[in-house]
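# fold the stuff below for me.
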Amino acid sequence: MAPTLLIGSCESFSGKSAVVLGMARQLARQGVPVRFGKPLATSLDSPVDAASQAPLLDADVLFIGATLGLPEANLIPSLHVLDPATAERRLLQGDLDPGSGFEQLRQQLAAARDGLTLLEAAGSLHEGLLYGLSLAQLARGLEASVLLVHPWIDSCSIDPLLAAQAELGEHLAGVVLNAVKPGLVAQLCAEVVPALERLGLPVLGVMPQSPLLRSVTVEELALRLGAQVLCCPERLDLLVETLSIGAMNVNSAMEFFRRRRNMAVVTGADRTDIQLAALEASTQCLILTGAGDPLPQLLNRAEELEVPLLKVEHDTLTTVEVIEQAFGHVRLHEVVKASFAFRLVEEHCNFERLFARLQLPALMK
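Predicted coordinates:
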């Protein structure tokens with residue numbers, strides 16, 4: 001029977017998909033077959049049709065499968081979908097049973113004879129309890145090892161890991177610390193990692209924070225803001241890494257914009273001077289707030305430089321809050337992000353101890 005590894009986290013958007021991509025790529029290069037799935041779907045490309053017999057495949061599973069070139073047979077369908085309507089129905093019915101699909105999943109995994117099955121768990125340690133598909137329930141029911149991906153800010157970040165360790169017990173096989181401030185990586189490896197190891201938490205990686213992986217597409221911002229796209233709709237796939245607010249005088253703004261990269265600039269619709277200055281910098285989109293329409297010269301210049309202009313009904317403060325909430329809280333569904341994830345995991349993670357536990361072949365250097 002091939003081993004099963006659960007990739008889990010203590011909180012949502014911790015970087016599980018990036019680790020899945022990086023690990024799976026390493027295994028594929030060694031000729032180790034990989035299967036992938038999410039028992040509890042959280043992101044679907046289309047609404048669920050109760051009458052359909054088609055397998056329930058999460059959008060993350062489809063993207064990762066396509067990126068890695070996995071055959072369709074190696075994509076494992078989800079058992080349930082996490083959404084408000086389904087959750088309410090299960091709650092009102094008092095239904096906490098994962099259903100017959102769980103046993104079918106167990107049999108499917110037991111039939112796999114080689115390689116590794118990677119299953120991405122729900123967003124947090126307890127998410128999925130209503131479905132019988134929380135991380136600990138999956139680990140026990142499938143007799144699977146668990147790799148936790150956990151964002152690290154400071155030593156207070158240890159508490160969720162200790163809670164997970166107490167709940168998962170012997171199923172916990174390792175931890176990857178993610179989104180570490182780059183300047184703290186060396187100190188963390190030298191001082192904190194040995195301390196975590198002494199507490200029985202094997203640290204298999206320390207990955208620095210990446211503006212690229214936290215970035216969001218212009219299209220995602222437009223959807224979240226309910227924005228009107230005034231120009232360059234074909235450029236909504238641009239990635240925004242930083243946010244700037246154009247509320248200062250134009251000379252200060254130009255100096256500030258020069259120090260930023262891949263920005264979304266939020267400014268009032270009447271600040272044509274700031275708008276034109278932003279277009280000459282590393283701006284991925286310009287977001288106009290307040291009453292009024294942009295001048296034709298602004299639209300023409302934005303078209304020339306292929307910078308999307310968005311017009312929103314919100315005030316500047318609300319617009320900024322929506323954008324800030326988007327950073328780091330979007331799915332990894334862009335090819336450029338996947339390519340970066342491959343490199344990040346390869347450079348900052350070492351899975352040798354984990355692969356030895358799973359009785360997989362050691363990776364060749």
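
# right, and the helix or strand after the strand or helix carrying residue 85?
Taking DSSP states H and E as the criterion, residue 85 maps to helix 84-93. As assigned by DSSP H and E, the chain's next helix or strand after helix 84-93 is helix 100-111.

# buried stuff in that following helix?
Of all the residues in helix 100-111, those buried under the rule 16 or more other Cβ atoms under 10 Å are 101-102, 105, 109. Using the backbone N, CA and C atoms, a C-beta is placed for each residue, glycine as well.

# for that helix, name the packing helices and strands.
In this structure, helix 100-111 packs against helix 135-142, with contacts taken as 3 or more Cβ pairs under 8 Å, 6 or more residues apart in numbering; DSSP states H and E.

# quickly note the distance from the residue nearest to residue 209 when sequence neighbours are not counted to residue 64.
Nearest residue to residue 209, sequence neighbours excluded (Cβ to Cβ, 6 or more residues apart in numbering): residue 179, at 4.5 Å. The gap separating residue 179 from residue 64 is 20 Å, by Cβ to Cβ, to the nearest Å.

# which one of the two has more residues nearby?
residue 64 (25 against 20; other Cβ atoms under 10 Å).

# and that one, what element?
helix 59-68.

# in the least confident helix or strand in the chain by mean pLDDT, what's buried?
Every helix and strand of the chain was ranked by mean pLDDT, DSSP states H and E. The lowest is helix 250-258, at a mean of 74. Using 16+ other Cβ under 10 Å as the test for burial, helix 250-258 gives 250, 253-254, 256-257.

# I'd like to know how many residues surround residue 274.
The local packing of residue 274 (other Cβ under 10 Å) involves 24 other residues.

# neighbours of residue 115, how many?
Other residues close to residue 115 by other Cβ under 10 Å number 17.

# tell me how far residue 202 lies from residue 182.
Separation of residue 202 from residue 182 (Cβ to Cβ) stands at 23 Å.

# who has more neighbours, those two?
Neighbour comparison, residue 202 and residue 182: the larger count goes to residue 202, with 15 against 9 (by other Cβ under 10 Å).

# okay, now the domains of the chain?
With automatic domain parsing as the criterion, the domains of the chain are listed as 4-212+331-357, 216-326.

# what is the end-to-end distance of the first one?
In this case it means domain 4-212+331-357. Using Cα to Cα, to the nearest Å, one end of domain 4-212+331-357 lies 11 Å from the other.

# what helices and strands are in contact with the least confident helix or strand of the chain?
By 3+ Cβ pairs under 8 Å, 6+ apart, helix 250-258 packs against strand 242-246, helix 272-279.

# so which of those comes closest to residue 151?
Of all these, it is strand 242-246 that lies closest to residue 151, at 19.0 Å by Cβ to Cβ.

# buried residues in the host helix or strand of residue 347?
For residue 347, the host element (DSSP H and E) is helix 335-348. Neighbour counts over helix 335-348 (16+ other Cβ under 10 Å) mark 337-338, 340-342, 344-345, 348 as buried.

# so what touches it?
Helix 335-348 is contacted from outside by 17-19, 21-23, 25-26, 63, 67, 185, 205-208, 210, 212-213, 215, 239, 332, using Cβ atoms under 8 Å, 6 or more residues apart in numbering.

# from the chain's centre, how far out does that helix sit?
Here the centre of helix 335-348 is set off from its chain's centre by 13 Å, with Cα atoms, centre = their mean, to the nearest Å.

# what residues of stretch 122-137 count as buried?
So stretch 122-137, judged by 16+ other Cβ under 10 Å, has buried residues 122-125, 127-128, 130-137.

# how far does it stretch from start to finish?
End residues of stretch 122-137 are separated by 11 Å (Cα to Cα).

# same question, stretch 227-241
First residue to last in stretch 227-241 (Cα to Cα) measures 19 Å.

# that one: which residues count as buried?
Going by 16+ other Cβ under 10 Å, stretch 227-241 has these buried residues: 227, 229-232, 235-236, 238-241.
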